[in-house]
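J.: sharing a model that was predicted from the sequence below.
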Amino acid sequence: MVGEIYIGLMTGTSADSLDCAAVEFSENKLNIIGLKNYDIPSNIKEEISENTRSNKLNETLIKDLDLRLGEFFSDKVEEFIASLSLKKEKIEAIGSHGQTIKHEPNSIPPFSLQIGNPQLISNQLGIKTVANFRDDDITKGGQGAPLSPVFHKEVFAEENKNRLIINIGGIANVSLLGGGEIIGFDTGPGNCLLDIWTKKNRKGDYDNNGRWAKSGTVDQDLLDIMMKDNYFSLEPPKSTGPDYFNLNWLQDCLMKLNRKIDPSDTQATLVELTASSLSNSLEKLKISNKRIYICGGGVHNKFLMNRISFLLGEKCYTTAKLGLDPDYIEAICFAWLAYKRVNNIKFDMSAITGSNEKVYLGKVYLPAK
C-alpha cells in the first residue's frame, strides 16, 4: 500500500535556515523520502532578529515580513518537491511551524506568534497547509511549547528503557521517555545567546565547534548573575524563547557584573549557562539508568556537547544512533504533526504544556478556490 506524503518545515529560533522534510506515512510507519536545508536571505534574517528582540510589535512590519517569509517558504517547498521528482498533487499536506517572533504564554492574554503566512503557502502551492500549532494548546491553558516531546515519544520510546532526548536549537528542551508519563519542557537558552554574541563580535554567524568559547574562561560571577534569572527556578510546565533570552537580556547581565571581561570569556560563560541550566533541570528529575540522545544545531558545537556530557556525568549520543538525522528531527516532527492534525487526532499535553484538556496541534488552511 502506498502511503501519504507530508512535508514538514522548520526554521527554528535561530532563524538561520529552513529545514524541509518529506515523509511518507503508511500504517503508522514513518519513511523519510527526502531532507533539505535552505538558507534564509540575510535581509529577512535581520528583520526577524530585530522584531524578535523588540519590546513592541510593529504590526505593519510584521504583516509585511509574514508575507515575504510565506513566499520564501512556498518557493523553497516548490524547489524541494521538484528535487525529489514528486508531483504536488501527491503531497497530502504541509506542516509549517513558522518563524517564532514572540512567545508569551504567561502574558494577559497569552499568545505565541509565528509568521510565514500559511494561507499564502496553501494558495501558492495548491496544497493543504497545517500551521499555528500552539494556538489551541494556549487557548486551553497550556504553554503552547514544547511540542516535540509527543513526537519524541512516538519515534524514540522503547519499553523498559529510560531515554532522554535533548533538543538544542535556539532554546534547549528535553523529553524524558520511559517510566510512565512523558515529561518535557524548555530548560533555557540553547544556541540563541551563543549565536547572537558571536555575530555581535563579528566572529561569524555561529561559533564553529565552540572554538571561540573554548579559547575563553568561564566567569563565575557572570554565570551566577545569569543563573539567578527567575526562569531557571520555575517548575515545569514551562517554555521560553529568544524574545526573552536575547541580546538585551545578556547586556543586562553584563551591566550587573559591573566590570569588563573579554568577549571570549563571555562566550565561554554562555556555553556553561546552556550546559548548567540543562544539567540543573535534569538533576531535579532524579532520573537513573538513562541513555542520552541529542538533536538540533547544538550537536555541531563540540565544546558545548563536551560540557553537557561532563556535567551530566553521562556519554551523550546524537539521535543518528536511533536512526534519525539530528539536524532534521523538528522538520520531520512537523510533517508528523500535520499528518496527525489532518487525521483529526487530539493530544493530551497536560504533563508537557499544562493544558487542561485534549487539544488539536495545528490549524488547517485549505487552498483558496
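T.: Received it, and whenever you're ready, just let me know what you need.

J.: pull the residues that contact stretch 304-320.
T.: Residues from elsewhere that reach stretch 304-320, judged by CB atoms under 8 Å, 6 or more residues apart in numbering: 156, 165-166, 168, 194, 210, 213, 271-272, 274-276, 278-279, 282, 290-295, 298-299, 325-326, 329. In short, each C-beta sits where N, CA and C put it, glycine included.

J.: with adjacent residues omitted, what lies nearest to Asn132?
T.: Lys363 (4.6 Å; CB to CB, 6 or more residues apart in numbering).

J.: what is the least confident helix or strand in the chain?
T.: helix 42-53 (a mean of 91; mean pLDDT, DSSP states H and E).

J.: got a list of what the spatially closest residue to Phe245 that is not a sequence neighbour touches?
T.: Excluding the flanking residues, the one nearest Phe245 by CB to CB, 6+ apart is Pro189, at 4.3 Å. Residues in contact with Pro189, defined by CB under 8 Å, 6+ apart, are 170-172, 242, 245, 270, 273-274, 277.

J.: again, 10 Å this time
T.: When contacts are counted by CB atoms under 10 Å, 6 or more residues apart in numbering, Pro189 touches 13, 168, 170-172, 195-196, 226, 229, 231, 240-242, 244-246, 249-250, 270, 273-274, 277-278.

J.: what does Met10 give?
T.: 17-21, 37, 95-99, 148, 169, 328-335.

J.: ok, it to Lys140 distance?
T.: Distance, Met10 to Lys140, by CB to CB, to the nearest Å: 24 Å.

J.: just to revisit the earlier point, restricted to helices, list the contacts of Pro189.
T.: 195-196, 226, 231, 249-250, 270, 273-274, 277-278 (DSSP state H).

J.: by neighbours, which of the residues you listed wins?
T.: Leu270 (29 neighbours; other CB atoms under 10 Å).

J.: tell me which stretches of the stretch 1-150 of the chain form helices.
T.: Here the stretch 1-150 of the chain has its helices, by DSSP state H, counting those that start in this stretch, at 42-53, 59-83, 118-125, 135-139, 148-156.

J.: reformat these as JSON lines; add mean neighbour count and distance to Glu4.
T.: Converted to JSON lines, these look like this (neighbours: other CB atoms under 10 Å; distance: least, CB to CB, whole Å):
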{"stretch": "helix 42-53", "mean neighbour count": "16", "distance to Glu4": "31"}
{"stretch": "helix 59-83", "mean neighbour count": "17", "distance to Glu4": "15"}
{"stretch": "helix 118-125", "mean neighbour count": "21", "distance to Glu4": "16"}
{"stretch": "helix 135-139", "mean neighbour count": "21", "distance to Glu4": "23"}
{"stretch": "helix 148-156", "mean neighbour count": "22", "distance to Glu4": "16"}
